[in-house]
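Chemist: Got a predicted structure here, sequence first:
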Amino acid sequence: MMLLEVKDLVVEVEGKRVLNGVNLAIREGETHVLLGPNGAGKSTLFLTILGFPKYDVVEGSILFNGEDITDLTTTERVQKGLGVSFQNPPAIRGVSVRDLLKFESKQDPDEELNPRMQELAKKLKFNDEFLDRDVNRGFSGGEVKRSEILQLLAQGPLFTMFDEPDSGVDIENVELLAGELNVLLDKDKKPGQRKKAGLLITHLGYILNFVKADKAHVLMHGVIACSGDPDEILEDIRKEGFNGCVGCAECNS
Amino acid sequence: MDVLVVRNVTHDAQKAKDKKAALGTDIVIENFTKEEVNAFDVLDDINDVDKKTKRTLLRVGVDTESDERSGSFLQMDQSNVFSHSISDSIELMNTQMALEKYSWLKDYMWNAVKPDADKYTAQTALREAEEEFCSGYFIRSLPGTKEVFPVQACMFIADQDVMQTAHNIIIAEENSELHLITGCATGEDVSSALHVGVSEMYLKPGAKITFTMVHNWAEQVEVRPRTGIVQEKDTTYINNYILTSPVRSIQSYPTTNCNGENARALFQSIQSGVKDSIIDVGSRALLNAPNTSAEIISRAVANDESKIFSRGHLSGNVPNVKGHLECHGLVLDDDSSIYAVPELEANAANLEMSHEAAVGQIDEEEIYYLTSRGLTEEEAASMIVRGFLSMDITGLPDELAAETQRMIDMSLDGM
């Protein structure tokens, strides 16, 4: 069953064309990787799928679980099961991680944080005091990433997009984080039983040592230049950089 | 000598009885009526107030049933209906009674607030002279005492178009600690009224006062509090002010005089403007002795055609003093406004003063971030505004800190 389909997506940001006809199809149980140089439009694709207002869909459509969600608000998409971990989320004064976790796990704000979330917080190395801090305010790079993953675990989305989940994370914590990414991607279940899916942006591909991806895509100049086996594509990029993808991007645009 | 002082107060007040205040819209005092000082019967127990009033009082932090209070005072219009302290450390009575009991109290009257400051102080002074009665409360913590539970005092307006005046004197004797919760509110049937509260606070060496005030007025009430504080050496004064409900207009500028070495002052205020309210609230600290310091922190949110003037003034008048002013504001719609006026004044070399002011709208990135976690835009905006206003009030004992947090939460829930 196809979980997310992006069809001929053309997107403008403040009048400037960033995506030029992107096609992508991700089945339930699958994890895809999105690669590409800076400025290729990876984050734009994420935020368009998420439905942020300033990403203007000029052509094409986004289907989730077979339903056209192109015109839905971000809130509606998230309620249907979309989730994202941001690379540099904003700090919000006076809004604590705990407040958000309660909302995301559909808990009464006046009640104590449920035991499952408390357990998960501990697992991600957050103590009680940390949960009362203003979200993302003064957080280290690693704390930001772990807090994003913790919030996603509270939300439990069907389809999760991860924007550079391992950047700024200490080597010893990458594995810890990857463990929870695998939970969000149903990797802890047998292949036939996996319902969840995801899309991962990564620069270095280090996290892929711990999170097994089914397919990789290279985004260049606003189109998918090539798709294929993650190991092979990464190997090529490591050798030649994204230069080798330029030709393919031209053919595909 | 005493006679001369009284005569001077009346004389000064007489000259200033029509003097417009430096700030705030001018109010025609004559449009309001003066209630008598015994219009309401005295209550045997503060818990004898009716249910509705009880709820109203609770919203401004005045809990008629709590045993975590060291004393309670309630003034309805001009009548002192209840006044009782259960603490051996604290004296509490109406100001008139205190004046009759203590001949020395005269020396504290009109010292921290001048009778000729403007027409509101002047008319309060003249009313006292004319009626030969001084409304308001007298609270005094005895030397060396530290009562952890707060005294609660409430100014309640029960009748339409009343001009309520009060003259409050608070004295923290040497090395004592005094915590106060003062709530101001109006009865359900009142839409319009005028409140003028003169408050003078005196901190003797080593004393500490925390003064937490919650306002919840009716929509057409005019409010003109006049507050002056005198701090001797090694004292700490903490002022917290919370206003989240509509009011017609409020203008106040509590001022502390740090006259003794090592005196320290902290002003924290949370203001949310709604329904055409005009809120003009400032905090001022005059650092007049070495090693004194002051901090002024405010958060203001203007919405619903309201207008907020957020003022702060730090004046360093001798070397080796320190002050910081922080003012953050959010304007939520195009018909509202915030005017932040942070003032720093240095009248000596070798002192340290700074300010930080930022006024703007809600950051869209923050809204989007929260929508990506499933909140609607409205829910996101409300969460951000609440977060912005729910600053950590510092400097209170644990019991009172928790209580104050509850008061803030309750005020924000009512928004």
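Modeler: Sure, I can see it. Residues are numbered from 1 along each chain as shown, chains lettered A, B, ... in the order given.
Chemist: if I look at A:Glu104, how far off is B:Val151?
Modeler: Distance check for A:Glu104 against B:Val151: by Cβ to Cβ, to the nearest Å, it reads 42 Å. In short, each C-beta sits where N, CA and C put it, glycine included.
Chemist: Sorry, wrong one. I was asking about B:Ser85.
Modeler: The separation that B:Ser85 has from B:Val151, given Cβ to Cβ, amounts to 7 Å.
Chemist: Repeat that for B:His215.
Modeler: Distance from B:His215 to B:Val151, by Cβ to Cβ: 18 Å.
Chemist: One more: A:Val183?
Modeler: Following Cβ to Cβ, the distance that separates A:Val183 from B:Val151 is 54 Å.
Chemist: Mutual contacts of B:Ser85 and B:Val151, please.
Modeler: Any residue near both B:Ser85 and B:Val151 by Cβ atoms under 8 Å, 6 or more residues apart in numbering or on different chains counts here, and that gives B:Ser70, B:Gly71, B:Leu92.
Chemist: In the helix or strand harbouring A:Ala178, which residues are buried?
Modeler: If you go by DSSP states H and E, A:Ala178 is part of helix A:171-184. Buried residues in helix A:171-184, defined by neighbour count with 16 or more other Cβ atoms under 10 Å in any protein chain shown: A:Asn173, A:Val174, A:Leu176, A:Leu177, A:Ala178, A:Gly179, A:Glu180, A:Leu181, A:Asn182, A:Val183, A:Leu184.
Chemist: what does stretch B:372-390 give?
Modeler: Per 16+ other Cβ under 10 Å, stretch B:372-390 contains these buried residues: B:372-377, B:380-381, B:383-390.
Chemist: Show me the shaky parts of the chain.
Modeler: This is for chain A. A:246-253 (pLDDT under 70).
Chemist: try again with chain B
Modeler: Counting by pLDDT under 70, chain B has low-confidence residues at B:1-7, B:399, B:411, B:414-415.
Chemist: Repeat the analysis, applying 50 as the threshold.
Modeler: Where chain B drops to pLDDT under 50, the residues are B:1.
Chemist: Quick check, the residue in it closest to chain A?
Modeler: B:Gly387 (2.7 Å; Cβ to the nearest Cβ).
Chemist: For whichever residue of the stretch 1-150 of chain A sits closest to chain B, the count of nearby residues, please.
Modeler: In the stretch 1-150 of chain A, the residue that lies nearest chain B is A:Gly94 (2.7 Å; Cβ to the nearest Cβ). Residues lying near A:Gly94 (other Cβ atoms under 10 Å in any protein chain shown) number 19.
Chemist: cool, A:Glu14 as well?
Modeler: Around A:Glu14 there are 8 residues (other Cβ under 10 Å).
Chemist: thought it was touching A:Tyr55?
Modeler: No - counting by Cβ atoms under 8 Å, A:Glu14 does not reach A:Tyr55; the two are 9.8 Å apart.
Chemist: give me the number of residues near B:Thr25?
Modeler: By other Cβ under 10 Å, the residues close to B:Thr25 number 12.
Chemist: State the three-state secondary structure for it.
Modeler: Secondary structure, DSSP: H, G, I helix; E, B strand; the rest coil: B:Thr25 is coil.
Chemist: Test of understanding: give the bridge partners of the spatially closest residue to it that is not a sequence neighbour.
Modeler: Distances taken as Cβ to Cβ, 6 or more residues apart in numbering or on different chains place B:Ser249 nearest to B:Thr25, at 5.5 Å, with adjacent residues excluded. Beta-bridge pairing of B:Ser249 under DSSP bridges involves B:Glu222, B:Ile278.
Chemist: So which bits of chain B are right by chain A?
Modeler: B:363, B:365-366, B:368-377, B:383-384, B:386-391 (Cβ under 8 Å from any Cβ of the partner chain).
Chemist: which other helices and strands contact the helix or strand A:Ala25 falls within?
Modeler: Per DSSP H and E: A:Ala25 is located in strand A:16-27. Packing partners of strand A:16-27 (3 or more Cβ pairs under 8 Å, 6 or more residues apart in numbering or on different chains; DSSP states H and E): strand A:2-13, helix A:42-50, strand A:55-64, strand A:197-201, strand A:223-228.
Chemist: ok, and which of the ones you listed has the densest surroundings?
Modeler: strand A:197-201 (a mean of 25; mean count of other Cβ atoms under 10 Å in any protein chain shown).
Chemist: Report the strands that pair with the next helix or strand after it, each with its relative direction.
Modeler: Next in sequence after strand A:197-201, counting helices and strands by DSSP H and E, comes strand A:215-220. Here strand A:215-220 is paired, per DSSP bridges, with strand A:31-35 (parallel), strand A:223-228 (antiparallel).
Chemist: To B:Cys134, which of these lies closest?
Modeler: strand A:31-35 (75.5 Å; Cβ to Cβ).
Chemist: now that closest one, how far from the centre of its chain.
Modeler: Distance of strand A:31-35 from the chain centroid (Cα atoms, centre = their mean, to the nearest Å) equals 9 Å.
Chemist: and what of stretch B:39-47?
Modeler: 24 Å.
Chemist: How about residues contacting it?
Modeler: B:49, B:54, B:64-65, B:72, B:74, B:76-82, B:84, B:158.
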